[in-house]
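**Q** Below: sequence and its predicted model.
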Amino acid sequence: MLEPMTSYCAFLGHQPHISIAELSASIPDFKLQRILGNEVLLFESALDLHDAYLHTLGGTVAIARKAGKDGAGIADVPEILRDETKDVQGKIVFSLRGYGVQPQVIRELYRTCKSAFKQKKRPVRYVGTERTPAPSVLLRDEGMLDGKHGAEIVMVKDGDRLWIGRTTAAQDVNAYAKRDMHKPVRDTTVGLLPPKLAQILLNFGQWLATGKASHKQEEPLTILDPFCGTGVIPMECLLRRWHVLASDASQKAVNGCEKNMDWLRKEHDILKRDVTGAVWKHDARKPFELKKLPDVIVTESTLGPPLEKQPSLKDAQKMKTEAEALQTAFLQNVAATLPGVPVVVTWPTWFTSKGYVRLEKTWDKIHDLGFRIAIPAAVDTEITGRPTLLYRRPNQFVGREIVLLQQTKK
């Protein structure tokens, strides 16, 4: 018997096309309903998508589950809120979050909801305003995600339709900041891989390695990161209790990666006997000599020299030539010495006044190198013009093209 589908709302990160691709690769029964303004995604799944699940997603800010009856309107929000907080002991804390709903409507709802609780002689207070919803830190600290002390009600207006739900998961901003900013070694002379993007890459890696979308870990994977730098991807692997193989051509990077991994193990009590990890110096263009093949390669390849200003077309073409030589040699090496192992890799993309410059020769050789492109079903290929994903923050001169590869020969 099929499980009934539940309607969910996801508030997307600043790279919405990547957020949607990640959800598609992570939720087995993901069914897209509507995308609103590249900020909000309505979808269906039979799974229980709670806060712990969101901790493995890098591209989704918050998730809400549908609440109330079909056809419910703004006037039903106080009753829905009371129902969602009926098991709360003591003072109730609530918040409201709207999309497409006028601020004055939300402001009046705050007053109406507070009055409704007072009529029932329930002590209550609210956080957030009609223009600034409660931050995720406050939702977590005030016990609104787990329902211990209250709830946040979400209202999404789509034309004449109104979707109402209750926030069940939100990103742990403090946890991201701690492992990004407080780790022992940060090398600002190279491109800094955000932990959230590392999570996204790992979710794509799991999708490639297992051949299916999965919202939970069935068996721990073994990940190889051959351009590990100071260890952002290996650290995120350890948090999932996945085994780590990491290497880099720079001894400085290897040393930094080891220090950061050791720090994370102590912070989260991750024992080496439970979750293995190895870091060594190695040129990714040279043969890999591993006793056992990894499940998948997930790596942020070299993005080239750091840029303080927009590169000229000539300079971008020069960096492109160097990057293509590296990427082609790397993929040739993978095909020869790691047969059958899929690859998630980021390639540099340069943004010039004449347009963007990306790797073309390596792309054209993918089939000859023994690979084929793989991509989650929900990916919008119009952004890059090919089945890849482009990650770029505003005003960055170098972006990342996320490429997912399966080997055609084993």
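**A** Cool, got the structure.

**Q** Skipping adjacent residues, who's closest to Leu338 in space?
**A** Distances taken as C-beta to C-beta, 6 or more residues apart in numbering place Phe288 nearest to Leu338, at 5.6 Å, with adjacent residues excluded. Placement of C-beta: from N, CA and C, glycine included.

**Q** which SSE is the one you found in?
**A** Using DSSP states H and E, Phe288 sits in no helix or strand.

**Q** go on, Val105?
**A** Applying DSSP H and E, one finds Val105 within helix 103-119.

**Q** Counting neighbours, what do you get for the residue nearest to Leu338?
**A** Counted with other C-beta atoms under 10 Å, residues neighbouring Phe288 total 19.

**Q** likewise Gln15?
**A** 24.

**Q** need the contact list for it.
**A** Residues near Gln15 by C-beta atoms under 8 Å, 6 or more residues apart in numbering: 59, 391-392.

**Q** One more pass at 7 Å, please.
**A** Neighbour list for Gln15: 59, 391 [criterion: C-beta atoms under 7 Å, 6 or more residues apart in numbering].

**Q** List the contacts of the helix or strand following the helix holding Val105.
**A** Heading C-terminal from helix 103-119, the first helix or strand you meet, by DSSP H and E, is strand 124-126. With C-beta under 7 Å, 6+ apart as the test, strand 124-126 has contacts from 91-95, 110, 114, 117-118.

**Q** Within its sheet, name the partner strands of strand 124-126 and how each one runs.
**A** strand 92-99 (parallel) (DSSP bridges).

**Q** nearest residue to Val154 other than its sequence neighbours?
**A** Ala64 (4.1 Å).

**Q** How far away from the center of its chain is the host helix or strand of the one you found?
**A** Using DSSP H and E, Ala64 maps to strand 60-66. A distance of 14 Å separates the centroid of the chain from that of strand 60-66, by C-alpha atoms, centre = their mean, to the nearest Å.

**Q** For the protein, which helix extends over the most residues?
**A** Across the chain, the longest stretch assigned as helix under DSSP state H is helix 313-337.

**Q** Listing partners with orientation, what would you give for the helix or strand following that helix?
**A** On the C-terminal side of helix 313-337, the nearest following helix or strand under DSSP H and E is strand 343-352. Taking DSSP bridges as the criterion, strand 343-352 sits next to strand 296-300 (parallel), strand 355-357 (antiparallel), strand 398-407 (antiparallel) in its sheet.

**Q** Minimum distance to Asp83: which of these has it?
**A** strand 398-407 (41.6 Å; C-beta to C-beta).

**Q** which residues sit against that closest one?
**A** So strand 398-407 is contacted by 191, 204, 208, 303-304, 307, 335, 339-351, 358, 366, 370-375, 384, 388-392 (C-beta under 7 Å, 6+ apart).

**Q** Pretty sure Lys409 sits against Phe371.
**A** No: contact status for Lys409 versus Phe371: not in contact, 9.2 Å apart, counting by C-beta atoms under 7 Å.

**Q** which of those two has more neighbours?
**A** Between Lys409 and Phe371, counted using other C-beta under 10 Å, the more crowded position is Phe371 (21 against 8).

**Q** how close does the closest residue to that one other than its chain neighbours sit to Thr384?
**A** Take Phe371 and drop its neighbours on the chain: the residue closest to it by C-beta to C-beta, 6+ apart is Leu405, 4.3 Å away. Leu405 sits at a distance of 15 Å from Thr384 (criterion: C-beta to C-beta, to the nearest Å).

**Q** in this protein, which helix or strand is least confident?
**A** helix 51-54 (a mean of 87; mean pLDDT, DSSP states H and E).
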